[in-house]
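Asker: Need a 3D model of the sequence below.
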Amino acid sequence: MMKKLIFLFCNWLILHLPLWGQDAQFTQFFNTPVYINPALTGTTEQWRANLLHRSQWLAIDAQFLSTNLSGEFNAVALRSGFGVLFTHDLAGKDRFLNTSVSGLVSHLIPFGKWNVRLGGQFTLTYQSRDFSNLVFVSQLLQNEPPVWEGANAANRWVVDFSGGAVAYNKIFWGGFAVHHITNPNISDFYNYAVPLPMRVSVHGGANFTVKSGYTKLKIMPALLYKMQGAAKQFDINTRVGFDNLPLILGAYYRDLVIQNTYRDALAFSVGWKFGDLTATYSYDITISGLTPASGGSHEISLVFETATKKHRQFYGVECPIFN
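Answerer: This next block holds a predicted model:
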């Protein structure tokens, strides 16, 4: 009976107290660049398409599934980048669903050996919940009046804006972004107002080439620090590529800061290049109090970058930020 009462109390808290949500996170954030900063739109030779899927905590009944799909075009003649981003985020026992589509644009400002890009993003999101998976008091205890919170649930459309800036040369890159500038209302119920906190992030990295014997190694460190509401997170990773082998290996570490700093996860990845296509798999090993019993998290990404022969002949080959 005590376990039932605790379970009911937790459900009551979820349904009645104002909650502040956070955006989906990705270990391979460099494989979904327009998701972390709209200013990164078009930072490719000509065309780029990205698909990234994350399955988190598979051993827990309330899983988190997130998918990003994006496409970009670098309009060199206009010094601009144009893109579109689709996101699908399914979270929790009550199937909290966010489906959104974003339009992105960036503009390039050259500064000698450095380039600066300013970017903006317009997003339209559909938000819904499925209360059929939740258990209410009247379903467990006798002589209780029937309760159905779903009658007051609000499936809603949300309009949002984001912006950012990034500076880069052939070796280094860094930038910042601010998402959810308008703090849109994401409340589950019509009679509540729950603003989505702004997500502020700072990110950067480098692209080094090191000769080791007869092999040239490409070492690509990157970091991401983001804040949203009371939550703060720090990610750092390093990937290594080989000039004579289409293999990319990576190692990652993540800290979370809510009230106190604590370790969250270690992750490892392996990627393989098939011409213009790169496929990468990564696995997060949970090292927080949640323990590895959560099942960890899996991510799979596909990145396709290409350019026409005419484009390369006219503009030459420009080194992208992440590769």
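Asker: Tell me where the model's unsure across the stretch 101-250 of the chain.
Answerer: Where the stretch 101-250 of the chain drops to pLDDT under 70, the residues are 130-154, 188-191.
Asker: try 90 this time
Answerer: Within the stretch 101-250 of the chain, the set of residues satisfying pLDDT under 90 comprises 111-113, 127-158, 170, 183-196, 211-216, 228-233, 243-244.
Asker: So which residues of it form helices?
Answerer: 137-140 (DSSP state H, counting those that start in this stretch).
Asker: Could you pull out the strands in it for me?
Answerer: 114-128, 156-168, 172-179, 199-206, 208-212, 215-228, 231-242, 245-257 (DSSP state E, counting those that start in this stretch).
Asker: Direction included, what does the helix or strand in which Asp89 is found pair up with?
Answerer: Using DSSP states H and E, Asp89 sits in strand 80-91. Using DSSP bridges, the strands paired with strand 80-91 are strand 64-75 (antiparallel), strand 96-111 (antiparallel).
Asker: that older thread, go through the strands of the stretch 101-250 of the chain and name the closest to Ser66.
Answerer: Among the strands of the stretch 101-250 of the chain, strand 114-128 comes nearest to Ser66, with 13.6 Å by Cβ to Cβ. Yep, even glycine has a C-beta here, placed from its N, CA and C like the rest.
Asker: So Asp23: helix, strand or coil?
Answerer: Assigned with DSSP: H, G, I helix; E, B strand; the rest coil, Asp23 falls in the coil class.
Asker: Touching, it and Met227? I think so.
Answerer: No - assessed by Cβ atoms under 8 Å, Asp23 is found out of contact with Met227, at 11.5 Å.
Asker: Next, show the common contact partners of those two.
Answerer: Counting by Cβ atoms under 8 Å, 6 or more residues apart in numbering, the common neighbours of Asp23 and Met227 are Arg199.
Asker: most tightly surrounded among the strands paired with strand 80-91?
Answerer: Stretch with highest mean neighbour count among those: strand 64-75 (a mean of 19; mean count of other Cβ atoms under 10 Å).
Asker: could you give me the average pLDDT of it?
Answerer: Here strand 64-75 scores 93 as its mean pLDDT.
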